[in-house]
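Participant: Below are the sequence and a predicted model for it; my questions follow.
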Amino acid sequence: MSACDTFRPLLHERLDGELGADAARALEAHLAACPDCRSAAEGLAAVRSGLLALPEHPLPAEALEAILDRTVRDRRLGTRFAAYWPAWASAAALAALALLLLRFPLSPSAPAEIPPGDVAKAASEARLVLSLAAGALHRAERAAGDRILAGEVAPALRRVPIRWAVRPEPRKS
Amino acid sequence: MTDEGFELAVREHRNRVNSHAFWLLRDGEDARDISQEAMVRLWRHRSEVPDAAARTWLLRTTHRLCLDKLRRRAARPEVSEELSPVSAWTDPAPDPERHAAAQALGGILERALGRLTPRDRAIVLLREVEGVPYEEIAETLGLPLGTVKAALHRSRERLRETLLRAGVHP
């Protein structure tokens, strides 16, 4: 093995800054005496310079925004929605109930005869209100389901108060 | 990794990830899609990835996604193994000094890079352009350290010989 074969691998170590002091001194002495290895060292340095001079390819700003929208921001939005969805659903249901009671009061003073047109109109409005409430509930459940499917079961459950209905034990006679 | 840690990692490594994808795929649109996919995957796996490992995780995922993409591309005929002309890579308003250097050597290096395998090209670019340590490259690409070093030394020599044959004297 020639001296050049021994020193060529050290050129790479020198380029990587991994050459020890003694090896570096020996290499410098060899380079001073060997034009081929000196040329190789300069060539490797030129390769690095050329690669470093290649243009960068930054991720476009709109792509970064899209990523943040799909991840961190979506979660923040979802968390806020998840925190309030029971309240929204309750409010929608209460509104539906209030409208129904306005149309069909429970008191005995309600008129005995309601014109058929009013009944049809009230039924139509009630259906509309109920469908809106059902839609709100459906969206809320879907959002909560998405969170759970996305592996965020614990955070979603923490924010949804669950009150289990206690069924009374059957009495023993 | 917390939500804040994720956002920091994405902001810090987005250009490195996109560049890596670009150099492997040689297509800006594909690179952007792969970068986005890698970062969304990091989000899904953030509970398993410590902040300090974000760069390696992102580059590894990007690399694998790129290889998948290249395999899909290989299934259909490709016009050329050569990289696109260096003029097409440059920014609309590049730094004049940087632009001049890229023009001087870029055209030759692009052809030589295009002839390397995707794995060797990734090793060269991670080390020479991104300055990623050998150990991290080995972890990123799932290769033994010795294989990474040997591949890098071999690729450097090939690139050097290409410059020499092209009459580029240092």
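Facilitator: Thanks, I have it. Numbering: from 1, shown residues only, chains lettered A, B, ... in the order given.

Participant: Look up how far residue B:33 lies from residue B:123.
Facilitator: 23 Å (C-beta to C-beta, to the nearest Å). In this view, the C-beta of every residue, glycine as well, is placed from N, C-alpha and C.

Participant: And the two? Which one has more around it.
Facilitator: Neighbour comparison, residue B:123 and residue B:33: the larger count goes to residue B:123, with 27 against 16 (by other C-beta atoms under 10 Å in any protein chain shown).

Participant: Let me know whether the more buried one touches residue B:151 as I believe.
Facilitator: Yes: counting by C-beta atoms under 8 Å, residue B:151 is a contact partner of residue B:123 at 5.1 Å.

Participant: for the chain, what helix or strand is lowest in average pLDDT?
Facilitator: I went with chain A, as the question did not name one. helix A:153-159 (a mean of 52; mean pLDDT, DSSP states H and E).

Participant: let's do chain B instead
Facilitator: One helix or strand of chain B scores below all others by mean pLDDT, DSSP H and E: helix B:86-89, with a mean of 41.

Participant: Contact residues of chain A facing chain B?
Facilitator: A:9, A:12, A:15-16, A:39-40, A:42-60, A:63-64, A:66-68, A:70-72, A:75-76, A:150-151 (C-beta under 8 Å from any C-beta of the partner chain).

Participant: What sits closest to the residue nearest in space to the middle of chain B if chain neighbours are left out?
Facilitator: Centroid-nearest residue in chain B: residue B:20, 2.6 Å away (criterion: C-alpha atoms, centre = their mean). Among residues not flanking residue B:20 along the chain, residue B:62 sits closest, at 5.5 Å (C-beta to C-beta, 6 or more residues apart in numbering or on different chains).

Participant: Report the secondary structure state of the one you found.
Facilitator: With DSSP: H, G, I helix; E, B strand; the rest coil as the basis, residue B:62 sits in helix.

Participant: what's around it, how many residues?
Facilitator: 28.

Participant: follow-up on the earlier one: could you pull up the residues touching the residue nearest to the centre of chain B?
Facilitator: The neighbours of residue B:20, taking C-beta atoms under 8 Å, 6 or more residues apart in numbering or on different chains as the test, are B:59, B:62, B:63, B:66, B:122, B:125, B:126, B:130.

Participant: Domain-wise, how is chain B divided?
Facilitator: Listed domain ranges for chain B are B:1-79, B:82-170 (source: automatic domain parsing).

Participant: between these, which gets nearest to residue A:26?
Facilitator: Proximity to residue A:26, assessed across the domains of chain B by C-beta to C-beta, is greatest for domain B:82-170 (18.8 Å).

Participant: Might you quantify the distance of that closest one from its chain's geometric centre?
Facilitator: Averaging C-alpha positions (C-alpha atoms, centre = their mean, to the nearest Å) puts domain B:82-170 9 Å from its chain's average.

Participant: which residues touch residue A:59?
Facilitator: Neighbours of residue A:59 in contact, by C-beta under 8 Å, 6+ apart: B:14, B:15, B:17, B:18, B:32, B:35.

Participant: So which of the residues you listed sit within helices?
Facilitator: Taking DSSP state H as the definition of helices, those contribute B:14, B:15, B:17, B:18, B:32, B:35.

Participant: Quick one: which of those residues is the most crowded by neighbours?
Facilitator: residue B:35 (31 neighbours).

Participant: Look up the closest residue to it, ignoring the ones flanking it.
Facilitator: Distances taken as C-beta to C-beta, 6+ apart put residue B:18 closest to residue B:35, at 4.5 Å, once the chain neighbours are dropped.

Participant: Could you report the neighbour count for the nearest residue to residue A:70 once chain neighbours are set aside?
Facilitator: In space, and not counting its chain neighbours, residue A:70 is closest to residue B:40: 5.8 Å by C-beta to C-beta, 6+ apart. Counted with other C-beta under 10 Å, residues neighbouring residue B:40 total 15.

Participant: show me what contacts residue B:40?
Facilitator: A:67, A:70, A:71.

Participant: Now a PyMOL select for only the buried ones of those.
Facilitator: This is the PyMOL syntax for the buried subset of the contacts of residue B:40, where burial follows 16 or more other C-beta atoms under 10 Å in any protein chain shown:
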select buried, chain A and resi 67+71
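
Participant: Next, format the contacts of residue B:40 as TSV and append secondary structure.
Facilitator: TSV is the format used below for these (three-state DSSP):
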residue	secondary structure
A:67	helix
A:70	helix
A:71	coil
